[in-house]
Every structure is written in structure tokens, then in C-alpha cells.
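Got a predicted model here, sequence first, then my questions.
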Amino acid sequence: MRPDLAPPRRPAGRLAALLAALLASTAAQAQDNGASLPLWEIGGVAFGVSQQAYPGSDEQVNRALALPYVIYRGKYLRADRQTAGLRAIKTDRLEFDIGFAGAFGSSSDDIDARRGMPDLGTLVEFGPRIKWKLGEAMGGRWRLDLPLRGVFDLSDDLAHRGWSLEPEIDFERRLANGWNWGASAGLLIGDRRLARTLYGVAPAYATSDRPAYEASAGLVAWRLQTTVSSPAWRDWRLFGFARLDSVSGAANRDSPLVRRTTGGTVGLGVAYTWMRSDARAFD
């Protein structure tokens with residue numbers, strides 16, 4: 001990380017964490033057939049997450065949050081399951097939208113490998129995505145996602161932290177008991193600025209056991225993920241997710257900040273729908 005990247009100002013941290021949690025909660029909720037869903041929903045969600053501090057870290061970041069959420073499923077304007085803003089194109093096979101992802105920040109005082117370095121802020125990725133429906137097989141639906149996103153630090157006045165490309169193969173299946181299950185495999189590729197944010201060690205932060213390191217653009221991590229959600233019981237829904245990240249073969253595997261090849265993220269939550277529209281969603 002470059003020495004001119006000052007530590008994020010913490011007063012914005014709480015707001016950043018809540019906003020990132022809102023994005024995560026809407027993304028975690030499963031969808032059924034879009035024609036059967038209401039146009040909008042208002043409710044609340046509570047969940048806990050244990051997240052690897054960053055791919056290659058040997059420490060976890062733990063969060064538990066409760067907050068309201070709003071979902072809107074318009075024909076073009078969307079705020080639902082990783083789509084925020086515009087869905088510009090939708091055909092039987094192809095969809096183009098604006099999507100997001102996020103990761104909680106952490107204080108470097110709590111991460112031994114980064115002690116004395118600038119904190120890792122709450123990062124939100126935002127940008128265009130192509131979704132290509134590959135068809136049905138093995139009792140479920142297959143899809144290829146190709147998102148290209150700018151990475152911004154919510155804890156530091158939306159400072160730009162680079163670009164990410166995250167191609168991913170997704171599989172979704174409705175189980176016999178009504179539960180929804182999904183799995184995905186993909187990889188995360190970052191530009192040099194993002195690599196510096198995660199893995200660079202400027203000379204000013206070098207120590208006897210943490211030499212200076214200039215990070216390179218390229219593969220950040222391989223990812224495997226699974227999600228599960230219950231059918232709606234009245235207005236309640238349970239959901240859970242787990243993800244495995246590996247930096248084996250990654251561009252910055254030799255960074256002194258990488259201390260573990262494989263790490264995981266797990267989360268569990270419950271969502272409650274307080275109000276929903278009679279009008280049906282566009283899909």
C-alpha cells in the first residue's frame with residue numbers, strides 16, 4: 001500500500017458498515033420466479049458474518065447487524081439481489097445491469113500482519129455486469145456472470161481503490177422441500193491499485209518480518225460459494241451462505257501480508273417482510 005493512502009477517518013466507519021450490510025442483506029435473499037414477486041418490499045434483516053479479513057489473511061472479521069431494507073423490482077430501475085440502479089437489457093438469454101458487492105473493513109490494529117499500516121476500509125464494488133443464462137441441467141439453472149466494478153472505500157469518503165473483474169459460474173436449484181440452494185465458482189482479478197490496497201507494503205511500513213513489497217495486477221483469489229434460503233413462512237425467511245477463497249497461484253501470493261493460502265467466510269441471518277405491494281414485479 002502506498003504511504004500516501006492515509007488511514008481512513010473512522011467517524012464514517014459506522015455508516016459505511018451499515019450501508020455495506022444493507023447491500024449484503026439484499027444480495028443474500030433468494031428469488032423465486034420474478035413474475036410471482038411483489039413490485040416492492042419493505043422489511044428488516046438481522047445477520048451475523050465471520051469474514052476473512054482479506055484473501056490470504058489468517059484472521060477473521062466478525063460482524064452482527066440488524067437494519068431495515070427496501071427492495072424494488074421495476075422493469076428498468078432495480079434494487080434487488082445485487083442489482084442497484086439500472087437494468088438496461090434483458091432477453092431470454094442475456095441481461096445487462098449495474099451490480100454491486102461489498103466487504104467489511106477492519107482495523108489494522110486487529111490484524112497482526114498489518115499492524116502499524118493503514119486500516120482496510122469498508123470496500124464497495126459498483127459497476128456493469130453481463131449475465132448470460134446457460135440453460136438448465138442437473139435439476140437447476142446455470143448462468144455466467146461477468147461483472148466489471150470500480151472499488152471504493154466507504155470509510156474514506158468513497159476514495160477509489162481500483163478495479164475488479166469477477167467472472168463466475170452460478171447454479172441455482174429449488175429443493176423438494178421448497179428451500180432454495182445455490183453454488184458458484186469464480187475468480188477475482190484486480191488492477192494494480194486494488195492489489196496495492198490489499199497486498200502492498202510501502203517502505204515506510206516495512207519491518208524486520210514484513211519487508212517492503214510492490215503488489216502487481218492479476219489474480220487476487222479463486223472463490224467457491226454456496227447459499228441457502230428457506231421458503232417464506234408467513235413473512236419470515238432464513239438464509240445462510242459460505243465462501244471459500246484461495247490465493248494459490250495468485251499474483252501476490254508472495255506478499256508478506258499473505259499468511260494463509262485458503263480461508264473462509266460464513267454468514268447466517270433472518271429477514272422479515274413488513275410491507276409488500278399488490279402489484280407484481282417486472283421480469
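Yep, it's here.

Check the separation of the first and last residues in stretch 145-159.
The first residue of stretch 145-159 is 26 Å away from its last residue (C-alpha to C-alpha, to the nearest Å).

Give the rounded mean pLDDT of that stretch.
The pLDDT scores in stretch 145-159 average 92.

Ok, stretch 178-197 next?
95.

do the same with stretch 212-220
98.

Give me the nearest residue to S106, chain neighbours excluded.
Counting by C-beta to C-beta, 6 or more residues apart in numbering, V61 is the residue found nearest to S106 once chain neighbours are left out, at 4.6 Å. C-beta coordinates here come from the backbone N, C-alpha and C atoms, glycine included.

R93 now?
K133 (5.0 Å).

Return the residues in contact with that neighbour.
By C-beta atoms under 8 Å, 6 or more residues apart in numbering, the residues touching K133 are 92-95, 141-143.

run the last query once more with 10 Å
Going by C-beta atoms under 10 Å, 6 or more residues apart in numbering, K133 touches 91-95, 141-144, 170.

same question, A185
Counted by C-beta under 10 Å, 6+ apart, A185 has contacts 167-171, 222-225, 244.

Report how many residues lie close to T91.
8 (other C-beta atoms under 10 Å).

That one and W40, how far apart?
Between T91 and W40 the computed distance is 24 Å (C-beta to C-beta, to the nearest Å).

The residue nearest to S106 touches G48, doesn't it?
No - taking contacts as C-beta atoms under 10 Å, V61 lies outside contact range of G48: 11.6 Å.

Those two - which one has more neighbours?
Set V61 next to G48 and count neighbours by other C-beta under 10 Å: V61 wins out with 20 against 13.

about what we covered before: for PyMOL, write a command that selects the buried ones of the contacts of A185.
In PyMOL, this line selects whichever of the contacts of A185 come out buried by 16 or more other C-beta atoms under 10 Å:
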select buried, resi 168+170+171+222+223+225+244
